[in-house]
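Engineer: Just to be clear, the model below is a prediction. Sequence and coordinates:
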Amino acid sequence: MADPAPVVYVVDDDPDVLKAIERLLGSAGLTVAAFLSPKLFLESFDRTAPGCIVLDLALPGLTGLELQRALEAQGSFLPIVFLTGRGDIATSVQAMKHGAADFLTKPVDDDALISAVLDALARNQELRTIGVERNRIVECLATLTAREREVLDRITAGRLNKQIAAELGTVEKTIKFHRANLMRKLGVRTLADVVKLAERAGVGKTPAS
């Protein structure tokens, strides 16, 4: 089933600015959802759906940076394009450190905003693709037996079959059997692919001696 069309969420407490941005992005063929406050946005947005956020930095109740932190804590994949009328280097650095897609100063140039939003939507698609792939890998890893997982941990740590056999108190032939099974379950053909897949899932710490 195809993903729904991406939505550009715009959050700004100035009704005129909100309306102008909504009109501009709509004229570029984008689907827009506009909100006058972070509270209204948080009550309505779908963090699992594709899209991005155009977010005013100075908002009542919850600042743009605070909303960014809240979304980060929820695991949101929505990139944020910040808008501010009094931006400064320190604030933009904070925003970028937490994954902001861009940081534009009001009054923002129309072409610059559209370009930033399109870049943010492309970034969201990349993040969603990575997330789907990581979930698939995690599901595959969950099918491994405890011994297969022990063998996998040691493969990603660079151990040879003979070394793994010695560490696990078995013979090399048994390790080869477990290795073949885990590679089949993970859908890979080479040890290099095993290592790459494990790295994408965050596996690969050196097992305790």
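Structural biologist: Cool, the structure landed. Residues are numbered from 1 along each chain as shown.
Engineer: looking at this protein, which residue lies furthest from center?
Structural biologist: In the chain, V171 marks the outermost C-alpha relative to the chain mean, sitting 41.4 Å out by Cα atoms, centre = their mean.
Engineer: So in the chain, where's the weakest helix or strand by average pLDDT?
Structural biologist: helix 89-97 (a mean of 64; mean pLDDT, DSSP states H and E).
Engineer: Tell me the helix or strand right after that one.
Structural biologist: Later in the chain than helix 89-97, the nearest helix or strand by DSSP states H and E is strand 102-105.
Engineer: Remind me what that following strand packs against, helices and strands.
Structural biologist: strand 80-84, helix 89-97, helix 110-141 (3 or more Cβ pairs under 8 Å, 6 or more residues apart in numbering; DSSP states H and E). Where you see a C-beta, it was placed from the backbone N, CA and C, and this is true even at glycine.
Engineer: which residues are contacting the shortest one?
Structural biologist: By that I understand strand 80-84. 12, 52-58, 64, 68, 71, 91-92, 95, 99-106, 108, 113, 116-117, 120 (Cβ atoms under 8 Å, 6 or more residues apart in numbering).
Engineer: low-scoring stretches of this structure, by residue?
Structural biologist: Across the chain, the ranges flagged by pLDDT under 70 are 1-2, 86-99, 202-209.
Engineer: same thing but at 90, please
Structural biologist: The model of the chain has pLDDT under 90 over residues 1-5, 39, 42-49, 57-78, 83-108, 125-141, 156-158, 187-209.
Engineer: can you map out the helices along it?
Structural biologist: 15-27, 38-44, 64-73, 89-97, 110-141, 146-156, 161-168, 172-186, 191-200 (DSSP state H).
Engineer: Quick one: closest of those helices to P6.
Structural biologist: Closest approach to P6 among the helices of the chain (Cβ to Cβ): helix 110-141, 5.3 Å.
Engineer: Packing partners of the closest one?
Structural biologist: With contacts taken as 3+ Cβ pairs under 8 Å, 6+ apart, helix 110-141 sits against helix 15-27, strand 51-56, strand 80-84, strand 102-105, helix 172-186, helix 191-200.
Engineer: And it, what's buried?
Structural biologist: Neighbour counts using 16 or more other Cβ atoms under 10 Å place 113-114, 116-117, 120-121, 123-124, 127-128, 137, 140-141 of helix 110-141 among the buried residues.
Engineer: deepest of the helices of the chain, which one?
Structural biologist: Ranked by mean neighbour count, those are led by helix 146-156 with a mean of 19 (mean count of other Cβ atoms under 10 Å).
Engineer: List of residues touching that helix?
Structural biologist: Contacts for helix 146-156 (Cβ under 8 Å, 6+ apart): 141, 144, 163-164, 167-168, 175, 178-179, 181-182, 185, 191, 194-195, 198-199, 203-205, 207.
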